[in-house]
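Trainee: this one's sequence-less:
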């Protein structure tokens, strides 16, 4: 009788407990790019983040204030906030934090235990990071966890919920969502070019001519196998950033944020340094989180992060460069670190994309964006690549769906698309780049309109003008494919495309290939603004912070290389009538165009 009574009480508790299904809009709990393997066992651990609810009215007022401190015309411009000031304005109550912690403690999750479980609360009280056994996670979320493995990179595996998750109602009333348990990371595959056409010169000839005798053609600057590819000298020639830079005392510099087990290959970087005659990046790279995974680099997974380190250091020289490396594939982990830390880099460049846009709930987009606003309040500059699948996005269906990539569509990040060099007969000759060389839109550069965020006020007039002018010359795609009242992107572009892909070294320094990706163009733009930040600090001025109010300001118009040749971002798919096209002024294919760094520096420093 006692046995049956216990069974009854257990079932009564399970069936009658008042619970709330979280992120109800998410109906997909798998991915075509991840294969399901097994369930969890007692030795398996789940790491997740409880994201606390914030008062919507308070956040609206806070957002307006943060806009003012990042607006060049405001009397508040540059008066960034401390963590304590932000916490006093927006943080949830300690009672709400205690409620969640007690719930976790009652389920056997406690920092005092020696079982590997852990609870950490950030300073702002907006996130609670939790590490728990998979079996406990199944119990508290009333779901089933499964190990999934990437079909592209077999060493990559993650645990995710295989069906909806829920929380007790009293916990759901203070928690917006739990991150890192249902969304799958996108494992990016940048477009790669092999076997660049030979220049006809030996490496010795190229090295001697370019570096010893200062020939005018930067295409020759990294040797024979990089001939015709983008090199650091190509970027300097086009965007006119300074060659000599002195780092400001105390300036924290640039941070490359790397997910998906993307680390860097030291031998590849060493060879690139020798080939292109740039400062050694590893002298200033700080590996912030986790450790190096040489087996990943052997598989070629490190090429994009190596590219970012090489080109960022080539541009910024002595300015510090930090690598934030997180093998948990978590945007929330980076935000936790960024907003919980002092003396971290001011400029951050990212390319994080989720694998399935249908898993991006309202709660997820809204609260990630809230934390971007907090970053802007601190004076951080966040720069994202706009994506490498054109107007279709990583998840769109050609001919049917435009799926803009989040977080590049957040109104609180600077979204950077990609361009190609537009060739003339004299663009790439032994005598140099022709003075009339221009850029065109890379066909696979991401761009369009957010389906979640409204058009922010800094770009509203530009977007209205674009829609009117593009419609007048029949340069808009079918209206039902996009949301004209959404946040429009990109904001600007830099080289990223297949005409002149970035030269990188692979195979432990033994070979070179070309890479096309907006991660590279975003890194270029981030590096340029890191230089400008450095100069401002040298002149005792505040850092730039969130860039977009300044980028869309009328004074900045003079500092863009406008792209207006009607090239578009249909990504070789469908027809050219698909996608958005470049026209004079801002457009949803090229933003404002690329940046003249010399002009921007004189304007802002």
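Mentor: Done, it's in. Quick caveat: nothing in here was measured; it's all calculated off a predicted structure. Residues are numbered from 1 along each chain as shown.
Trainee: now for this protein, the helix or strand with the poorest mean pLDDT.
Mentor: helix 2-16 (a mean of 47; mean pLDDT, DSSP states H and E).
Trainee: what's the following helix or strand after it?
Mentor: strand 19-21 (DSSP states H and E).
Trainee: helices or strands next to that next one in the packing?
Mentor: Applying 3 or more C-beta pairs under 8 Å, 6 or more residues apart in numbering; DSSP states H and E, one finds that strand 19-21 makes contact with strand 166-168, helix 169-172. Every C-beta, even on glycine, is put in place using the N, C-alpha and C of the backbone.
Trainee: in three-state terms, label residue 523 for me.
Mentor: Following DSSP: H, G, I helix; E, B strand; the rest coil, residue 523 is assigned to helix.
Trainee: can you tell me how far it is from residue 309?
Mentor: 9 Å (C-beta to C-beta, to the nearest Å).
Trainee: how about the helices and strands packed on strand 19-21 in CSV, adding distance to residue 62, mean pLDDT and mean neighbour count?
Mentor: Output for these, formatted as CSV (distance: least, C-beta to C-beta, whole Å; pLDDT from 0 to 100; neighbours: other C-beta atoms under 10 Å):
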stretch, distance to residue 62, mean pLDDT, mean neighbour count
strand 166-168, 26, 98, 18
helix 169-172, 24, 98, 16
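Trainee: now those as TSV including distance to residue 578?
Mentor: TSV is the format used below for the helices and strands packed on strand 19-21 (distance: least, C-beta to C-beta, whole Å):
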stretch	distance to residue 578
strand 166-168	41
helix 169-172	42
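Trainee: the nearest residue to residue 570 once chain neighbours are set aside sits in which helix or strand?
Mentor: Setting aside the residues directly before and after it, residue 570 is nearest to residue 579 in space (C-beta to C-beta, 6 or more residues apart in numbering), at 3.7 Å. For residue 579, there is no host helix or strand (DSSP H and E).
Trainee: surely residue 579 and residue 569 touch.
Mentor: Yes. At 4.7 Å, residue 579 and residue 569 qualify as touching, with contact defined as C-beta atoms under 8 Å.
Trainee: which residues do those two both contact?
Mentor: Common neighbours of residue 579 and residue 569, using C-beta atoms under 8 Å, 6 or more residues apart in numbering, are 390-391, 447, 589.
Trainee: which of those fall in strands?
Mentor: Residues of the shared contacts of residue 579 and residue 569 located in strands (DSSP state E): none.
Trainee: how about those residues in JSON lines, adding neighbour count?
Mentor: JSON lines is the format used below for the shared contacts of residue 579 and residue 569 (neighbours: other C-beta atoms under 10 Å):
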{"residue": "390", "neighbour count": "31"}
{"residue": "391", "neighbour count": "32"}
{"residue": "447", "neighbour count": "33"}
{"residue": "589", "neighbour count": "32"}
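Trainee: low pLDDT regions in the stretch 101-250 of the chain?
Mentor: 188-190, 194-216 (pLDDT under 70).
Trainee: how about the strands in it?
Mentor: 118-121, 127-133, 145-150, 157-161, 166-168, 175-179, 191-193 (DSSP state E, counting those that start in this stretch).
Trainee: who touches the longest one?
Mentor: Residues lying outside strand 127-133 but in contact with it, judged by C-beta under 8 Å, 6+ apart, are 40, 42-52, 97, 100-101, 104, 109, 115-122, 140, 332-333, 335-336.
Trainee: any idea how far that strand is from the middle of the chain?
Mentor: On the basis of C-alpha atoms, centre = their mean, to the nearest Å, strand 127-133 sits 24 Å off its chain's mean C-alpha point.
Trainee: now the third one
Mentor: With C-alpha atoms, centre = their mean as the basis, the distance from the averaged C-alpha position of strand 145-150 to the chain average is 24 Å.
Trainee: can you check the last one too?
Mentor: In this view, strand 191-193 has its centroid 20 Å away from the chain centroid, taken as C-alpha atoms, centre = their mean.
Trainee: which of the residues in it are buried?
Mentor: For strand 191-193, burial by neighbour count (16 or more other C-beta atoms under 10 Å) applies to 192-193.
Trainee: now what about it, what contacts it?
Mentor: Contact partners of strand 191-193, identified using C-beta under 8 Å, 6+ apart, comprise 229, 388, 444, 498, 501, 513-517.
Trainee: what does the third one give?
Mentor: Under the criterion C-beta under 8 Å, 6+ apart, residues 30-31, 33-40, 44, 46, 134, 137-138, 156-162, 181, 184, 187 lie in contact with strand 145-150.
Trainee: tell me which of these fall in helices.
Mentor: Of those, the ones assigned to helices by DSSP state H are 134, 137-138.
Trainee: can you tell me which of the residues you listed are buried?
Mentor: 134, 137-138.
Trainee: can you redo these as TSV, where the extra columns are distance to residue 597?
Mentor: As requested, those are arranged in TSV below (distance: C-beta to C-beta, whole Å):
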residue	distance to residue 597
134	49
137	48
138	52
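Trainee: between the residues you listed, which is nearest residue 340?
Mentor: Taking C-beta to C-beta as the measure, residue 340 lies nearest residue 137 of these, at 23.3 Å.
Trainee: now that closest one: how far from residue 353?
Mentor: 25 Å.
Trainee: dump the residue contacts of the nearest residue to residue 185 once chain neighbours are set aside.
Mentor: Take residue 185 and drop its neighbours on the chain: the residue closest to it by C-beta to C-beta, 6+ apart is residue 329, 3.9 Å away. Shown in contact with residue 329 (C-beta under 8 Å, 6+ apart): 158, 180, 185, 259-260.
Trainee: check which helix or strand covers residue 329.
Mentor: Per DSSP H and E: residue 329 is located in neither a helix nor a strand.
Trainee: that's all I had, so thanks and see you.
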